[in-house]
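Student: How does the following fold in three dimensions:
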Amino acid sequence: MIKAQQETFDTFGYLGVTCVPGYRDPAGGEWDESRQGSRVELRDYIAVLRKYWRSTVAVTLFAVLGATAFNFFSAPTYTSRTALFFSVNGATSASDLAQGTTFTQKQVESYVEVATSPLVLQPVIAKVPLATTPAALAKQIKVGVPTNTSVITVEVVDRDPATAAAIADAVGTQLVSTVHDLSPDDSRGQKTVVATVITPATVPSSPTTPKVAQNLALGLLLGLFLGVGQAILRAALDTRIWSTEDVATVTDAPVVGRIPFDKTIVGRPGAAVDGRDTVRAEGFRRLRTNLQYLDAGQGRRSFVITSSIADEGKTSTSVNIAATLAAAGLHVLLLDADMRKPSVGRALGLEDAVGLSTLLIGRAQLRDVLQGAGVPEFHVVTSGQVPPNPSELLGSAAMSRLLETVTAQYDAVVIDAPPLLPVTDAAILSRITSGALVVVGSGDVRTPQLAGALESLESVDGRVLGLVLNKLRRGTSGYGSYYGHYGHYGHHGQGAEDHRPTARRATAEEPVARQRETA
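Tutor: Numbering: from 1, shown residues only. Presented below is the predicted three-dimensional model:
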């Protein structure tokens, strides 16, 4: 049922309504979904980062601060290095020299273990002197052999640079002596292997750890990785609807209006926007233009304004749609059919003691409950006293007769109805009107809730005219392209507004007079 409604809106797809697969643009040619998919995927990631940029930056800064704290609180260590060369005595020919070199390289591998043995380290502890043990000192020493060489490198790490140099120097000297003692004698009584210090140990001038620049770079990379990761994870777990792209994952019903969030009207659902040059006012004007294409050529022009859950802004949308239509010269009636939690009367400062419920039970005539809303051509019927059976009243024959009467006398009838998920009132009304406009509060409703609300309409064969994305935040996907250039037209004046119908303007008293004639 919802997909079938797309045909109704093909005539004004250029007004910003979400396109569906198979849509052909004005330039001709079918929309390439595969090509669009790759662009949308990248744009989605960018949109996620824009949405969660605060937490991403916070995580990154936290990681960098952690690296900074590690650098600050880590005790600096210094590394002193010495190197020893091992050679063979008694080589008289090139062949002897080659054999001796091979023998030395094999012996060097053994001397690596000797360098950190108590045989070497115990004399070093006594010479420096140090209050430690050979096993503990061995943990401060790193001994290595460069590939294909007869060289042993000894690196000593200590918190004091002078002590590191002293230990390295002592290890080198003691290793030379130990090699001399361990090396066997040749036939001439000379030592076969001789060790020589080729790089004396020096006092290091700068600490080896912490590596400030490296730690900060790692902290930054780790922070970015975690920040982007948490943003993607939050986006994947967040089922709230924020943009038209999120709506498209639930339904093919078109988005016929996008109303930006305005914190100045929070808590004031009746705050009118028409006549003010703001992006929110322009959003309702665009919505009004789109509504003029609904049910074109049909007699009834009555709209049920509802939502999935409470607090999505359905009453504010109802009031401002009615006011904006009236400002365009249409003869508009706003009915408060939310008889469980009425808010239109309170929002507009109108009397709520008598209204729709009073009218439906036959205790008043339409002319008795009509109230002006301060805008020419705009009249309101509040909910009246809360009845015990709202659903029965709204589904009664009296409600059907009332709608037939008012749709014949008004150019547009806007009905503020309860949310769809808690009660069935809006679904009932959608069957006896032109259809329902479902308000979707950006960031308020979740995809399962919207899907359930639309399913409740479909289950009673109610017609979904479209969705109104309300409370659209700046920075949300689609906001910039829709409202980004409105500032260039900020002072266009009343005469510059287009798409206004050439409807006849009636006097404020004429609607009541017409009701008396038909009563």
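
Student: residues near residue 50, how many?
Tutor: Per other CB atoms under 10 Å, the neighbour tally for residue 50 reads 13. All C-beta spots, glycine's among them, are computed from the backbone N, C-alpha and C.

Student: That one in helix, strand or coil?
Tutor: Under DSSP: H, G, I helix; E, B strand; the rest coil, the three-state class of residue 50 is helix.

Student: Let me know whether residue 164 touches residue 142 as I believe.
Tutor: No: in this structure residue 164 lies outside contact range of residue 142 using CB atoms under 8 Å: 11.8 Å.

Student: okay, these two: which has more neighbours?
Tutor: A count of neighbours by other CB under 10 Å puts residue 164 above the other of residue 164 and residue 142, at 25 against 15.

Student: need the contact list for that one.
Tutor: The contact partners of residue 164, by CB atoms under 8 Å, 6 or more residues apart in numbering, come to 78-80, 156-158, 203-204.

Student: Widest-spaced pair of those residues?
Tutor: 157 and 203 (13.6 Å; CB to CB).

Student: So the two - more neighbours on which side?
Tutor: Between residue 157 and residue 203, counted using other CB under 10 Å, the more crowded position is residue 157 (18 against 15).

Student: Pull up the pairing partners for the strand or helix carrying the more buried one, direction included.
Tutor: With secondary structure defined by DSSP states H and E, residue 157 is part of strand 151-158. With DSSP bridges as the test, strand 151-158 is paired with strand 78-88 (antiparallel), strand 141-144 (antiparallel).

Student: Centre of the chain to the helix or strand just after it, how far?
Tutor: Proceeding N to C from strand 151-158, the next assigned helix or strand is helix 161-182, under DSSP H and E. On the basis of CA atoms, centre = their mean, to the nearest Å, helix 161-182 sits 61 Å off its chain's mean C-alpha point.

Student: Next secondary structure after helix 161-182?
Tutor: strand 193-199.

Student: partners of that following strand in the sheet?
Tutor: Paired strands of strand 193-199, with direction, are strand 78-88 (antiparallel) (DSSP bridges).

Student: Buried residues, the partner strand. List them.
Tutor: Under the neighbour-count criterion of 16 or more other CB atoms under 10 Å, strand 78-88 has 78-86, 88 buried.

Student: Which single one of those is nearest to residue 456?
Tutor: Using CB to CB, those come closest to residue 456 at residue 79, 72.7 Å.

Student: Ramachandran coordinates for the nearest residue to that closest one once chain neighbours are set aside?
Tutor: Leaving aside its chain neighbours, residue 79 sits nearest to residue 208 (4.3 Å; criterion: CB to CB, 6 or more residues apart in numbering). Dihedral angles phi and psi of residue 208 (degrees, to the nearest 10) take the values phi -80, psi -40.

Student: buried residues in the helix or strand containing residue 225?
Tutor: Here residue 225, judged by DSSP H and E, is contained in helix 212-237. Neighbour counts over helix 212-237 (16+ other CB under 10 Å) mark 215-216, 219, 222-224, 227-228, 231-232, 235 as buried.

Student: do stretch 189-196 as well
Tutor: 191-195.

Student: which residues of the stretch 351-500 of the chain fall in strands?
Tutor: 371-372, 378-381, 412-416, 435-441, 464-472 (DSSP state E, counting those that start in this stretch).

Student: What pairs with the longest one, parallel or antiparallel?
Tutor: The one in question is strand 464-472. strand 255-260 (parallel), strand 435-441 (parallel).

Student: In contact with residue 339, which residues?
Tutor: Per CB under 8 Å, 6+ apart, neighbours of residue 339: 356-357, 383-384, 386-387, 390, 393-394, 425.

Student: Just the closest of the residues you listed to residue 280, please.
Tutor: Using CB to CB, these come closest to residue 280 at residue 383, 25.7 Å.

Student: So the closest one sits against residue 334, correct?
Tutor: No: under the criterion of CB under 8 Å, residue 383 makes no contact with residue 334, lying 11.1 Å away.

Student: Mutual contacts of the two, please.
Tutor: Residues touching both residue 383 and residue 334 (CB under 8 Å, 6+ apart) are residue 344.

Student: what's the farthest-apart pair in the buried residues of stretch 189-196?
Tutor: Distance extremes for the buried residues of stretch 189-196: the farthest pair is 192 and 195 at 11.6 Å, using CB to CB.

Student: where are the low-confidence patches of the stretch 351-500 of the chain?
Tutor: In the predicted model, the stretch 351-500 of the chain carries pLDDT under 70 at residues 474-500.

Student: tell me the helices in it, going along the chain?
Tutor: 356-360, 366-369, 390-394, 397-409, 425-431, 447-459, 479-483 (DSSP state H, counting those that start in this stretch).

Student: okay if I get the ones you listed as JSON lines plus distance to residue 62 and mean neighbour count?
Tutor: Putting the helices of the stretch 351-500 of the chain into JSON lines (distance: least, CB to CB, whole Å; neighbours: other CB atoms under 10 Å) gives the following:
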{"stretch": "helix 356-360", "distance to residue 62": "55", "mean neighbour count": "23"}
{"stretch": "helix 366-369", "distance to residue 62": "60", "mean neighbour count": "18"}
{"stretch": "helix 390-394", "distance to residue 62": "52", "mean neighbour count": "20"}
{"stretch": "helix 397-409", "distance to residue 62": "59", "mean neighbour count": "15"}
{"stretch": "helix 425-431", "distance to residue 62": "46", "mean neighbour count": "25"}
{"stretch": "helix 447-459", "distance to residue 62": "31", "mean neighbour count": "18"}
{"stretch": "helix 479-483", "distance to residue 62": "29", "mean neighbour count": "16"}
